[in-house]
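Peer 1: dropping the sequence and predicted coords here.
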2 protein chains.
Amino acid sequence: MSDSAATSDGLLFLTDEQLRKGIEAMFFAYRGFTADPDRILEGMDYGRAHHRAIHFIHRSPGTTVSNLLAILGVTKQSLNRVLRSLIEDGLVRSDKGREDARERHLFLTEKGLLLERELSDAQRARMRAAYRAAGPQAVQGFRQVLEAMMDPEMRRQYNRLKEGGT
Amino acid sequence: MSDSAATSDGLLFLTDEQLRKGIEAMFFAYRGFTADPDRILEGMDYGRAHHRAIHFIHRSPGTTVSNLLAILGVTKQSLNRVLRSLIEDGLVRSDKGREDARERHLFLTEKGLLLERELSDAQRARMRAAYRAAGPQAVQGFRQVLEAMMDPEMRRQYNRLKEGGT
DNA sequence: CTTGGAATGTCAACAAGGCTGACGTAAATT
DNA sequence: AATTTACGTCAGCCTTGTTGACATTCCAAG
């Protein structure tokens, strides 16, 4: 079971094989991670891109379009396609900014909140099950490795999202 | 720092907020995870789909197309498009099976091995850095949570890949 | 030996969701 | 007044996924 050994200099001794297993774990786990929301969304007109927008709007109500662009790391054309459909369908509300009227502040509507609930219930259920199966120690490590794996810019975004979490 | 507390019944006390942070960690970390190979492949005619095929052929030399289909979870048409280009470009060799001549056994050529090296060097470098930053304890937990997050079928595939790893 | 089904390959058509480039408008800033 | 910022939108392209249909090859069962 013990794969990675600490050496006397405090570093880790990591074989290619251990690293490859980590890489494959990411690959397979990410599939599970997205599976439930994907299932819920298929049939509705939406996909993963809509889910991501909904998630982060829920997370930071009133966020601006540019902020969302930075978090999602896509082009405005790409995001706009998604936002347009969500707004048309009444899941998202877009308010002109009062301080700066060029900005649009995004909120989930009642209807949007309902879908967000459904999606995140499914995703959190899986996350909760995984956490419980792995135990408290593991949860710590999981988050630490993931955070270390992010690009610095993404890590900043991650840590800015509601000072909850860690 | 301590987020998740063990309760007296041995379960974990997990708030929605903690679970959401985990979800977001997966999202941002996966971006980092794919960033380096993506960068290498852009400009070449290949993409993430080619990388995945190369990775798993390298991992299980001589694997069949059906086996690869099961691992990657895509349609044969989709995989075939990728394989065709890799074979045409001389990165992958496809040998008619000797036992069962309907099957094709897939191998990386010299050229294919070179690209695999380049891609996996980059990806392993990031993984190694993340592991080292997080420490040995964390690595254990990371793998445990990811494994628990997989769909059972994917977990089987994951554990079958060369009994290395854990 | 024939036949059914499995494994593979391929063609066509389509959709989601990325991308670039160009352009327009309103509002803030200088 | 001129420039820059924030946003929206049109048009077109690419990758990678999908379904459906069909051909080939070959193992295995009847």
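Peer 2: On my side now, so go ahead. All values reported here derive from a predicted model rather than from experimental measurement.

Peer 1: from the centroid of chain A, which residue is nearest?
Peer 2: By C-alpha atoms, centre = their mean, chain A has its centre lying nearest to residue A:52, at 6.7 Å.

Peer 1: what backbone torsions are found at it?
Peer 2: Here the main-chain torsion angles of residue A:52 (degrees, to the nearest 10) amount to phi -60, psi -40.

Peer 1: now it. Nearest residue, chain neighbours left out?
Peer 2: Leaving aside its chain neighbours, residue A:52 sits nearest to residue A:72 (5.9 Å; criterion: C-beta to C-beta, 6 or more residues apart in numbering or on different chains). Placement of C-beta: from N, CA and C, glycine included.

Peer 1: how about low-confidence regions in chain A?
Peer 2: By pLDDT under 70, the low-scoring segments of chain A are A:1-11, A:162-166.

Peer 1: where does it get nearest to DNA strand C, which residue?
Peer 2: Residue nearest to DNA strand C within chain A (C-beta to the nearest atom of the strand): residue A:47, separated by 1.6 Å.

Peer 1: burial measure for that residue, as a count.
Peer 2: When neighbours are defined as other C-beta atoms under 10 Å in any protein chain shown, residue A:47 has 13 of them.

Peer 1: the strands in chain A, which residues?
Peer 2: Ranges of strands in chain A, per DSSP state E, are A:5-6, A:12-13, A:63-64, A:92-96, A:104-108.

Peer 1: nearest to residue B:84, out of those?
Peer 2: The closest of the strands of chain A to residue B:84 is strand A:12-13. By C-beta to C-beta, the value is 40.3 Å.

Peer 1: sheet partners, orientation included, of that closest one?
Peer 2: Its sheet considered, strand A:12-13 pairs with strand A:5-6 (antiparallel) by DSSP bridges.

Peer 1: find the closest residue to DNA strand D in chain A.
Peer 2: For chain A, C-beta to the nearest atom of the strand, closest residue to DNA strand D: residue A:66, 2.8 Å.

Peer 1: what sits against that residue?
Peer 2: residue A:103 (C-beta atoms under 8 Å, 6 or more residues apart in numbering or on different chains).

Peer 1: in the sheet, who's paired with the closest residue to residue A:65 other than its chain neighbours?
Peer 2: The shortest distance from residue A:65 to any non-neighbouring residue, by C-beta to C-beta, 6+ apart, is to residue A:104 (5.2 Å). On DSSP bridges, the residues paired with residue A:104 through beta bridges are residue A:96.

Peer 1: residue A:104: what's it in contact with?
Peer 2: Taking C-beta under 8 Å, 6+ apart as the test, what residue A:104 contacts is A:64-65, A:94-97.

Peer 1: list buried residues within those residues.
Peer 2: A:64-65 (16 or more other C-beta atoms under 10 Å in any protein chain shown).

Peer 1: tell me where chain A has helices.
Peer 2: A:16-41, A:48-59, A:65-72, A:76-88, A:110-134, A:136-149, A:152-160 (DSSP state H).
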